[in-house]
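1. sequence first, predicted model second:
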Amino acid sequence: MLDPLRLEPPVLTVAPEPISSEPKHKVLVIHHAAGTRRALDACMREHFEVRHATDAEDAWHKVLTDRSIRAVVSSLPVLEIDGYGLLQRIRKSQVRRVTEAPVIVVADHDADADGVGLATSFGASGVLSLSKVEHLPERLLALIEKRSAVPAPRATPTTPALVVVSSNPSPGARTPPSHRNPETEYPMSRVDDLNKVLKTLQGSSPGVEASALISSDGLMIASALAKDMDETRVAAMTATLLSLGSRAANELRRGEVSEVIVRGADGYAVMLSAGRGALLLVLATEATPLGLIFFDMREAVKGIKTIL
């Protein structure tokens, strides 16, 4: 006979819920209307990690600095306001992950056919009506998986973006500007020479606190920044500011931009074109005369051009 006092309670085994081993793809969504944001969030949050941008400049900065962004979704009005500049910059970028990123444009119900056509001509991967936004996750996943299935190109002598200049280049040898890739182009000897120019610049002007040489795509080429500064963010912001200044000058009919100046309570950030797709950034104290900063920067640019 069983002793009821010695009976042990039954052990309940609960199977743990399966945990997905695959993280969600991160997608950048660009919008300027609350209704569009709600519609896109509702159909995408189950399948993707969504990051938001409210205009083209904000989007460009995030695309450059966040390497985990796999695709871009933009409402058509945002691109029209920007003059399709964001699409052009993405497709002309020298950074492979940026130029090959899928970009889907979401058009309103009454979208102009010309606007849709321009979006496609400037490199949109597809255009989807807001009334059919429920198909967006499927389209995005297909484009992301298709891109992931394409292997990265192997370095060969005939691939311009992967040509590495030797430490002893022949006189006059240069990679064509349209194929220049700051991530692969500069050997250590050349970067060392550029760093020496930056250090000389800082030594010649006591008020200059930091400097950097950045590609127009927002990639760091050479740096003499403080250790606590994020070089990736600084490079992306510098390229974005100069691009925005150029677009503003063009819109206001002020001609070609020669420099961009940001003045804060603690000093200046001055950006100057250094030729061949490079930008020179200098951070200086408020007490430093601007004229002296420009003089020293132009002298530095002369040295930079002989190296590039």
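-> That came through fine. Residues are numbered from 1 along each chain as shown.
2. top helix in this protein by residue count?
-> helix 231-251 (DSSP state H).
3. need the contact partners of that helix.
-> 57, 60-61, 64-65, 83, 85, 89, 212, 214-220, 223, 225, 254-257, 260, 262, 271, 273, 279, 281 (Cβ atoms under 8 Å, 6 or more residues apart in numbering). Just so you know, the C-beta spots here come from the backbone N, C-alpha and C atoms, and that holds for glycine as well.
4. whichever of these end up buried, select them in ChimeraX.
-> When burial is assessed using 16 or more other Cβ atoms under 10 Å, the buried subset of those is captured in ChimeraX by this command:
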select :57,60,61,64,65,85,89,212,214,215,216,217,218,219,220,223,225,257,260,271,273,279,281
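5. before we move on, the earlier item: downstream of the longest helix of the chain, the next helix or strand is which one?
-> Moving toward the C-terminus from helix 231-251, the next helix or strand (DSSP states H and E) is strand 259-264.
6. okay, the angle between that next one and helix 231-251?
-> Angle of strand 259-264 versus helix 231-251, following axes from the mean of the first three to the mean of the last three Cα atoms, to 10 degrees, is 120 degrees.
7. for strand 259-264, packing partners?
-> The contact analysis (3 or more Cβ pairs under 8 Å, 6 or more residues apart in numbering; DSSP states H and E) places strand 259-264 against helix 231-251, strand 267-275.
8. note down every partner strand of it and its orientation.
-> In the sheet containing strand 259-264, the strands it pairs with under DSSP bridges are strand 267-275 (antiparallel).
9. what lies in contact with the partner strand?
-> Among residues not part of strand 267-275, those counted as contacts by Cβ under 8 Å, 6+ apart are 207, 209, 213, 238, 241-242, 245, 257-262, 279-286, 288, 290, 293-294, 297-298, 300-301, 304-305, 308.
10. list the beta-bridge partners for S211.
-> With DSSP bridges as the criterion, the beta-bridge partners of S211 are A224, V282.
11. returning to what we had before: in JSON lines, list the helices and strands packed on strand 259-264 along with mean pLDDT and distance to G126.
-> Written out in JSON lines, the entries for the helices and strands packed on strand 259-264 read as follows (pLDDT from 0 to 100; distance: least, Cβ to Cβ, whole Å):
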{"stretch": "helix 231-251", "mean pLDDT": "83", "distance to G126": "26"}
{"stretch": "strand 267-275", "mean pLDDT": "88", "distance to G126": "36"}
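12. filter the contacts of strand 267-275 to the buried ones?
-> With burial judged by 16+ other Cβ under 10 Å, the buried subset of the contacts of strand 267-275 is 207, 209, 213, 238, 241-242, 245, 257, 259-260, 279-284, 288, 293-294, 297, 300-301, 304, 308.
13. find the centremost residue of the protein, please.
-> The central residue of the chain, meaning the one whose C-alpha is nearest the mean C-alpha position (Cα atoms, centre = their mean), is L64 at 1.5 Å.
14. what helix or strand is that residue on?
-> The secondary structure element spanning L64 is helix 56-65 (assigned by DSSP H and E).
15. what is that helix packed up against?
-> Under the contact definition 3+ Cβ pairs under 8 Å, 6+ apart, helix 56-65 sits against strand 25-30, strand 48-53, strand 69-75, helix 76-81, helix 85-92, helix 231-251.
16. coming back round to it: out of the helices and strands packed on strand 259-264, which one sits most buried?
-> Across those, averaging neighbours per residue (mean count of other Cβ atoms under 10 Å) puts strand 267-275 on top, at a mean of 20.
17. for that strand, the distance to its chain's centre please.
-> Between the mean C-alpha point of strand 267-275 and the mean C-alpha point of its chain there is a distance of 19 Å (Cα atoms, centre = their mean, to the nearest Å).
18. also stretch 87-106?
-> Here stretch 87-106 is found 10 Å from its chain centre; the criterion is Cα atoms, centre = their mean.
19. quote the end-to-end distance of that stretch.
-> The distance separating the two terminal residues of stretch 87-106, taken as Cα to Cα, to the nearest Å, comes to 14 Å.
20. ditto for stretch 269-288
-> 12 Å.
21. just stretch 39-57 next, same as before
-> This stretch, stretch 39-57, spans 23 Å end to end (Cα to Cα).
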